[in-house]
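Visitor: this one's sequence-less:
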């Protein structure tokens, strides 16, 4: 059965717009991530999923352990739901109310680790809780961006802790500070994990990315190993986290790293089509109905302006997927109330027909829909709420 026919059949009694997750593709992607991880456990990046039922599904598989959350309130909520026993908050928090809730929850304090990259973060926790607060688990974030020349920065602008010396100084400050326990190090190489090395139609850019990554990886591997070894002499670390969907092989080869992180590879958004080493199957799709036929080879869809965060470039727009042969119009793109698509396939569309699209990023689609329909074969196996459907917004 053709993919579009299968999806249309599975959802024939539902009204569009609607969002689905193809469980066959999701499970295939989950297994492939474990294969690529080479035996190291994968901590699931929750922001790339944002559906508790799917987090439960992947955490039940061998090869996965713990969650990487994107806010402290999210981690506290997931802990209260018993979604995971190990929750790392990947970004520093300045949320005083959430910190007070963490301090007051003994179970959450055992499970949740917050991120720090300076003593200012420790000061903020003390200001929120008072200096005589219960012990808070913390993880030190090491910056592993590539800086080949003075003033040149390649990678995310995250932690100021760049060198081995920076890491040791902060580790010592944490260990010396009452009310904190240093349990981990995180080092995310976004210039490798988050930048595709084979973007369609951009051969020169792909060559430049591969050149950059080929020089960045050896440098960050050596620097990360030295920093982790130095921090281990200061504190008894439980974990060293690194990588992302795009760098599982290279990060997994680093002996200093004890666990990997991944999330987007479970869902297979369009930004992850641009990698040579792997090809996730599109698992999350959304359907928009045809509401106009303004002219030949043009069909207009209802809604669709689900634009991904980031650079604001065309690769952040959703992409028509089924039927094949459709494209967005450059002058309109994806709109809040209508999205025109063009191509020969448009001429075969009638009012009420569905066009299936893919989002550019993995988890952000869940902010647009209250529920996902989980499709297995040609039927809907379950309907599950997204974070939004559970009344949660952590952005």
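Guide: Cool, got the structure. The structure displayed is predicted, hence computed values, not measured ones. Numbering: from 1, shown residues only.
Visitor: Residue 375 versus residue 357, what's the distance?
Guide: From residue 357 across to residue 375, the span is 15 Å (CB to CB, to the nearest Å). Every residue, glycine included, has its C-beta placed from N, CA and C.
Visitor: again but with residue 330, I slipped
Guide: Between residue 330 and residue 375 the distance, using CB to CB, works out to 32 Å.
Visitor: returning to that earlier point: compare residue 357 and residue 375 (neighbour count), which wins?
Guide: The residue with more neighbours, out of residue 357 and residue 375 and counting by other CB atoms under 10 Å, is residue 357; that gives 28 against 24.
Visitor: Bridged to that one, which residues?
Guide: Following DSSP bridges, residue 357 is listed with bridge partners residue 286, residue 320.
Visitor: So what's the predicted local confidence for it?
Guide: According to the prediction, residue 357 has pLDDT 98.
Visitor: Enumerate every residue touching it.
Guide: For residue 357, the contacting residues are 285-288, 304, 318-321, taking CB atoms under 8 Å, 6 or more residues apart in numbering as the criterion.
Visitor: residues making contact with stretch 98-110?
Guide: Judged by CB under 8 Å, 6+ apart, the contacts made with stretch 98-110 from elsewhere in the structure are 71-73, 75-76, 79-80, 93, 112, 114, 125, 128-129, 133-137.
Visitor: what's the answer for stretch 342-356, then?
Guide: Residues outside stretch 342-356 that contact it (CB under 8 Å, 6+ apart): 4, 7-8, 11, 16, 285-293, 296-299, 301, 320-329, 341.
Visitor: Tell me if I'm right that residue 300 and residue 326 touch.
Guide: No. Checked against CB atoms under 8 Å, the pair residue 300 and residue 326 is beyond contact range at 11.8 Å.
Visitor: Wait, residue 155 touches residue 162, no?
Guide: No. In this structure, residue 155 sits apart from residue 162 without contact. The criterion is CB under 8 Å, and the distance is 10.5 Å.
Visitor: shared neighbours of these two, anything?
Guide: Shared contacts of residue 155 and residue 162, counting by CB under 8 Å, 6+ apart, come down to 143, 145.
Visitor: what about these two, which has more around it?
Guide: More neighbours sit around residue 155 than around the other of residue 155 and residue 162, counting by other CB under 10 Å; the figures are 21 against 16.
Visitor: Got the phi and psi for the spatially closest residue to the more buried one that is not a sequence neighbour?
Guide: Taking CB to CB, 6 or more residues apart in numbering, and ignoring the residues beside it in sequence, residue 155 has residue 145 as its nearest neighbour in space, at 2.9 Å. With angles defined as degrees, to the nearest 10, residue 145 sits at phi -70, psi 160.
Visitor: now the strands: where do they sit in the stretch 51-200 of the chain?
Guide: Along the stretch 51-200 of the chain, the stretches classed as strands by DSSP state E, counting those that start in this stretch are 64-69, 87-89, 112-116, 136-141, 180-187.
Visitor: Tell me, please, the helix or strand in the protein that averages the lowest pLDDT.
Guide: The helix or strand with the lowest mean pLDDT-type score in the chain, counting by mean pLDDT, DSSP states H and E, is helix 190-193 (a mean of 86).
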